[in-house]
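> Predicted model and sequence follow; I will ask about them next.
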Amino acid sequence: MRVFNCDHCGHLVFFDSVRCLHCGSALAFLPDALAMAALAPAPRDGPLLWRRMGEHGGAMYRMCHNHSAYQACNFAVPASDAVALCASCRQTRVLPDLSQPAHLGRWQQIEAAKRQLFYTLARLGLEPVPGRCGPVFEFLADLPGDPAILTGHHGGTITLNVAEADDGERARRRIALGEPYRTLIGHLRHESGHFYWDQLVRDGDRSAPFRSLFGDERQDYAAALQAHYAKGHDLGDWSAQHVSAYATAHPWEDWAETWAHYLHMIDLLETAASYQASVTVPAPRAALRHHVTDPFASPRPAFQDMVRQWVPLTLLLNSLNRSLGQSDAYPFALSSGAMAKLRFVHDLVQA
């Protein structure tokens with residue numbers, strides 16, 4: 001995720017900013033332009049309408065309904081759009097009971113993570129796609145006496161238990177499942193991988209090369225998951241071919257975990273590049289210096305160049321975290337087998 005500048009005063013702002021702390025301008029992200037904009041009210045053109053500051057006769061916008069009603073969104077909607085919700089919020093079809101304060105706060109956090117996912121997918125050219133909708137989301141809460149809500153994907157719908165937005169509950173589940181990493185954005189990236197497997201592999205007629213790398217997805221999914229959890233922590237040397245232990249459960253999960261890691265890579269590289277970051281890795285004889293390239297630069301950097309920048313960047317990130325007494329932000333070490341799968345994802349997306 002890149003950082004932005006207020007286009008009124010030039011001050012540094014962020015993707016989730018709603019106001020410039022330097023000049024006080026109202027800010028909104030414009031999904032149609034993939035840009036952060038300083039907006040000024042345009043009451044002469046209509047109630048609750050805004051346009052970019054300094055523009056006369058340009059495009060007009062209104063704030064997403066979830067911004068006005070819940071302070072839960074900073075995306076704007078083109079004034080010509082009949083839908084009150086922004087391009088990201090309208091993908092959420094089912095919500096928990098927002099009259100409960102805990103549900104409201106958790107939903108706000110989930111929507112923030114979903115907007116980050118929306119941005120990355122849109123930058124990759126995957127969403128929105130003319131003539132094809134992106135995934136649909138249902139955010140649900142456990143109810144007494146009902147079966148527990150399971151996070152997952154089915155038929156284009158991504159379901160997320162809002163309890164995942166509670167830091168304590170998410171940490172409890174991470175420890176219980178022996179996971180090194182569990183975040184909201186990680187969940188959404190993983191589940192979006194299942195959606196895009198349908199789009200890019202199944203419907204893109206790429207099943208044969210997929211199976212040569214990930215295995216045959218036609219094996220019984222429920223039985224594979226049951227066998228995976230029955231093994232507990234005894235999963236053998238999974239790291240030689242997989243990005244995570246959970247990726248060994250089934251080829252679909254291997255793909256989704258690899259897809260999520262690819263989005264991690266894209267997002268982190270873009271952030272570092274927006275700060276014009278360079279990383280020098282100390283060495284006894286000759287230190288190696290790596291300048292981070294924007295993954296969306298033209299021409300796009302090659303996959304191997306991205307990997308060469310990714311490895312020292314995550315080393316620096318984890319070292320900084322350890323200096324502050326925190327756990328590694330990226331607790332993974334990717335093998336050549338896992339890298340081959342990441343390259344497969346990269347080549348599909350670029351195509």
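In hand now; what should we look at?

> Give me the three-state assignment for Asp347.
With DSSP: H, G, I helix; E, B strand; the rest coil as the basis, the three-state label of Asp347 is helix.

> I meant to write Leu143 there.
Secondary structure assignment for Leu143 (three-state DSSP): coil.

> Do you know the pLDDT at it?
Looking at Leu143, its pLDDT is 92.

> and if you look at His154?
The pLDDT attached to His154 in the predicted structure is 95.

> same deal with Gly134?
Taken from the predicted model, the pLDDT recorded for Gly134 is 77.

> Confirm that it sits in a helix.
No: according to three-state DSSP, the state of Gly134 is coil, so it is not within a helix.

> Around it, count how many other residues there are.
Other residues within reach of Gly134, judged by other C-beta atoms under 10 Å, total 22. Placement of C-beta: from N, CA and C, glycine included.

> Excluding chain neighbours, give the residue nearest to it in space.
Here the nearest residue to Gly134 in space, its sequence neighbours aside, is Glu127; by C-beta to C-beta, 6 or more residues apart in numbering that works out to 4.2 Å.

> Quick check: the one you found is in a helix.
No: secondary structure of Glu127, determined by three-state DSSP: coil, with no helix assignment.

> burial of it, as a residue count?
Using other C-beta under 10 Å, the number of residues around Glu127 comes to 24.

> Now do the same contact list for the residue lying closest to Met60 once chain neighbours are set aside.
For Met60, ignoring the flanking residues on the chain, the nearest one in space by C-beta to C-beta, 6+ apart is Ala79 at 4.0 Å. Listed by C-beta atoms under 8 Å, 6 or more residues apart in numbering, the contact set of Ala79 reads Asp45, Gly46, Leu49, Ala59, Met60, Tyr61, Arg62.

> So what's the residue count around the third one?
In terms of burial, Leu49 registers 16 neighbours under the definition other C-beta under 10 Å.

> Would you check that it makes contact with Ala42?
Yes: under the contact definition of C-beta atoms under 8 Å, Leu49 touches Ala42, with a separation of 4.6 Å.

> Against Arg44, how distant is the residue nearest to Gly134?
Here the criterion is C-beta to C-beta, to the nearest Å. By it, Glu127 lies 34 Å from Arg44.

> ditto for Gly10
Gly10 is 27 Å from Arg44, where distance means C-beta to C-beta.

> Between these two, which has more neighbouring residues?
Between Gly10 and Arg44, counted using other C-beta under 10 Å, the more crowded position is Gly10 (11 against 6).

> on that earlier part again, how much space separates the residue nearest to Met60 from Asp32?
According to C-beta to C-beta, Ala79 and Asp32 sit 11 Å apart.

> swap in Asn66?
The separation that Asn66 has from Asp32, given C-beta to C-beta, amounts to 17 Å.

> out of the two, which sits in the busier spot?
Between Asn66 and Asp32, counted using other C-beta under 10 Å, Asn66 has the larger neighbour count: 22 against 16.

> Could I get the contacting residues of the more buried one?
Under the criterion of C-beta under 8 Å, 6+ apart, the neighbours of Asn66 are Ala72, Cys73, Leu85, Cys86, Cys89, Glu111.

> out of those, which is most surrounded?
So for these (other C-beta under 10 Å), the most neighbours sit at Cys86, 30 neighbours.

> Check for me that it belongs to a helix.
No: note on Cys86: no helix contains this position according to three-state DSSP, which reports coil.

> looking at it, it is touching Ala72, isn't it?
No: with the criterion set as C-beta under 8 Å, Cys86 and Ala72 do not qualify as a contacting pair; they are 10.6 Å apart.

> most remote residue from the protein's center?
Outermost residue of the chain with respect to the C-alpha centroid, by C-alpha atoms, centre = their mean, is Arg285; its distance is 38.8 Å.

> now stretch 218-234: how far from the chain's centre is it?
26 Å (C-alpha atoms, centre = their mean, to the nearest Å).

> got the CA coordinates for that stretch in PDB?
Once non-C-alpha atoms are left out, stretch 218-234 reads as follows in PDB (Å, rounded to 0.1, in the frame of the first residue of the first chain):
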ATOM      1  CA  ARG A 218     -10.200 -32.900  -7.600                       C
ATOM      2  CA  GLN A 219      -9.300 -34.900  -4.500                       C
ATOM      3  CA  ASP A 220     -12.000 -34.900  -1.700                       C
ATOM      4  CA  TYR A 221     -11.700 -31.500   0.000                       C
ATOM      5  CA  ALA A 222     -13.500 -32.300   3.200                       C
ATOM      6  CA  ALA A 223     -11.500 -35.500   3.700                       C
ATOM      7  CA  ALA A 224      -8.300 -33.700   3.000                       C
ATOM      8  CA  LEU A 225      -9.000 -31.100   5.600                       C
ATOM      9  CA  GLN A 226     -10.000 -33.700   8.200                       C
ATOM     10  CA  ALA A 227      -6.800 -35.600   7.500                       C
ATOM     11  CA  HIS A 228      -4.800 -32.400   7.800                       C
ATOM     12  CA  TYR A 229      -6.200 -31.500  11.200                       C
ATOM     13  CA  ALA A 230      -5.800 -35.100  12.500                       C
ATOM     14  CA  LYS A 231      -2.100 -34.800  12.000                       C
ATOM     15  CA  GLY A 232      -1.800 -31.900  14.500                       C
ATOM     16  CA  HIS A 233       1.600 -30.400  14.300                       C
ATOM     17  CA  ASP A 234       3.200 -33.500  12.700                       C
END
